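> Fold the stuff below for me.
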Amino acid sequence: MRIEKIGIIGLGMLGNAVALHLIDSGFEVTVYNRTKEKALQLKEKGAKISASPKEIAENSELVIIIVKDANAVKQISFEKNGIVEGNHEKLIVADMSTIDPLESKKISKKFLESKINKLDIPVMGGPNVAITGELVMMASGNKESFDYCKNILDTIASKVFFLGDSGVAHSVKLAMNLQITMLALALSEGIMFVKKSNVDPKIFLEILNSTYFKTGMSEKKAYKMIEGKYDTTFTLTNLKKDITTIINTAKTLGIKLPMISKAEEMYENAIKEGFGDTDYTGIIEYLKKINKENKPKS
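A predicted model of the protein is given here:
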């Protein structure tokens with residue numbers, strides 16, 4: 001059996017791209033977003049628009065949630081006209097949001113009270129790769145539900161890792177976002193350092209990318225960081241939200257992560273300076289400002 005009817009709740013950059021790709025792949029897609037204007041492009045592409053999460057659930061076999069945080073997940077799931085009110089025998093819910101793994105476990109347990117299985121399916125990659133189905137997905141939850149949804153998950157992502165019980169995928173996702181936080185900061189400070197040493201930052205990147213220390217970020221986004229021109233795929237504000245979630249989760253786990261705590265302070269300061277809507281790699285603009293460089297044209 002194949003799942004054919006998919007509902008998507010949350011049409012930010014990632015949600016919109018996932019929906020478009022599923023439509024292009026031949027699936028019947030129904031969407032819901034609190035701001036209805038965001039659904040108009042998808043309607044033109046063939047998506048159906050629902051008036052509520054309840055209606056989405058009633059008309060879908062798989063509902064994919066892609067919203068800001070755990071509170072938003074709970075609101076669209078359990079409040080009035082929420083997903084659980086549209087429950088039916090075939091319904092499965094999959095949460096692609098980046099949230100606290102402990103909150104994810106609680107949400108999964110609450111869904112089970114309504115006899116609904118929830119999968120965790122956070123991803124790595126932005127809308128630029130979501131549109132072509134090349135995300136990397138971390139999945140956890142009920143294995144039978146995972147197997148049943150596999151045709152959809154394989155359409156969304158080029159690689160899918162099943163990691164075990166509820167919450168585990170979100171733990172790995174947060175650890176991945178910790179990596180990109182540190183990489184963005186390291187590249188920013190490296191670029192600033194060599195530039196102030198009268199070295200062309202592009203030479204620095206060429207050397208870096210000739211070693212095993214290179215990353216996808218140093219090979220692609222770093223050149224835009226030098227120029228101050230950003231194709232925003234994940235905002236600085238959104239990464240700051242995830243950094244805070246990492247720190248709060250670490251406290252619950254009883255561990256200290258001093259570097260990510262320092263990163264939180266830097267990202268918070270960058271938001272206060274007006275860089276929140278910039279791509280997360282725009283943290284370099286904050287460094288330029290505190291070093292009294294003029295901001296390049298966007």
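
> For stretch 99-111, which outside residues touch it?
Stretch 99-111 is contacted from outside by 69-70, 73-74, 77-78, 84, 93, 95, 117-118, 120, 141, 166-171, 174, 245, 248-249, 252, using CB atoms under 8 Å, 6 or more residues apart in numbering. (Glycine included, C-beta is placed from N, CA and C.)

> 7 Å instead?
Residues outside stretch 99-111 that contact it (CB atoms under 7 Å, 6 or more residues apart in numbering) are 69-70, 73-74, 77-78, 93, 95, 118, 120, 141, 166-167, 170-171, 245, 248-249, 252.

> Do I have it right that I260 meets I247?
Yes. The pair I260 / I247 is scored as a contact, 6.1 Å apart, by CB atoms under 7 Å.

> Now, of the contacts of stretch 99-111, which are buried?
Buried residues within those, counting neighbours by 16 or more other CB atoms under 10 Å: 69-70, 73-74, 77-78, 93, 95, 118, 120, 141, 166-167, 170-171, 245, 249.

> Okay, and which of the residues you listed map to helices?
Among the buried ones among the contacts of stretch 99-111, DSSP state H puts A70, V73, K74, S77, F78, H170, S171, T245, T249 in helices.

> how about those in a markdown table, adding distance to T237 and pLDDT?
Below are those laid out as a markdown table (distance: CB to CB, whole Å; pLDDT from 0 to 100):
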| residue | distance to T237 | pLDDT |
| --- | --- | --- |
| A70 | 17 | 95 |
| V73 | 18 | 97 |
| K74 | 21 | 97 |
| S77 | 24 | 97 |
| F78 | 26 | 97 |
| H170 | 20 | 97 |
| S171 | 22 | 97 |
| T245 | 13 | 96 |
| T249 | 19 | 96 |
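
> And the furthest pair within these?
Within those, two members stand farthest from each other by CB to CB: F78 and S171, at 22.9 Å.

> Output the contacting helices and strands for the helix or strand bottoming out on mean pLDDT in the chain.
Taking mean pLDDT, DSSP states H and E as the measure, the helices and strands of the chain show their lowest mean at helix 40-45, namely a mean of 87. Judged by 3 or more CB pairs under 7 Å, 6 or more residues apart in numbering; DSSP states H and E, helix 40-45 is in contact with helix 13-24.

> which residues sit against the helix it packs on?
6, 8, 11, 29, 31, 38, 42, 45-47, 66, 126-127, 130-133, 155-156, 233.

> at 8 Å instead, please
6, 8-9, 11, 29, 31, 33, 38, 41-42, 45-47, 64, 66, 96, 123, 126-128, 130-133, 152, 155-156, 232-234.

> Show only the entries of those found in helices.
Counting by DSSP H, the contacts of helix 13-24 contribute Q41, L42, K45, P127, N128, A130, I152, T155, I156 to helices.

> separation between the fifth one and S25?
Pointing back at N128 there. 17 Å (CB to CB, to the nearest Å).

> And the pLDDT at the residue sitting furthest away from the middle of the chain?
Residue distances from the centre of the chain (CA atoms, centre = their mean) peak at N198, which lies 36.9 Å from the mean C-alpha position. In this model, N198 is scored at 96, pLDDT.

> would it count as being in a strand?
No. Applying DSSP: H, G, I helix; E, B strand; the rest coil, one finds N198 to be coil, outside a strand.

> starting at the chain centroid, how far to the following helix or strand past the least confident helix or strand of the chain?
Later in the chain than helix 40-45, the nearest helix or strand by DSSP states H and E is strand 48-49. Its chain's average C-alpha position is 23 Å from that of strand 48-49, according to CA atoms, centre = their mean, to the nearest Å.

> next one: stretch 215-222
18 Å.

> That one: which residues count as buried?
Result for stretch 215-222 [16+ other CB under 10 Å]: buried residues T215, M217, S218, K221, A222.

> do the same with stretch 46-65
47-48, 50, 52-65.

> just to revisit the earlier point, the buried residues of stretch 215-222 into a markdown table, with extra columns for secondary structure and distance to K289?
Formatted as a markdown table, these follow (DSSP: H, G, I helix; E, B strand; the rest coil; distance: CB to CB, whole Å):
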| residue | secondary structure | distance to K289 |
| --- | --- | --- |
| T215 | coil | 25 |
| M217 | helix | 21 |
| S218 | helix | 23 |
| K221 | helix | 19 |
| A222 | helix | 19 |
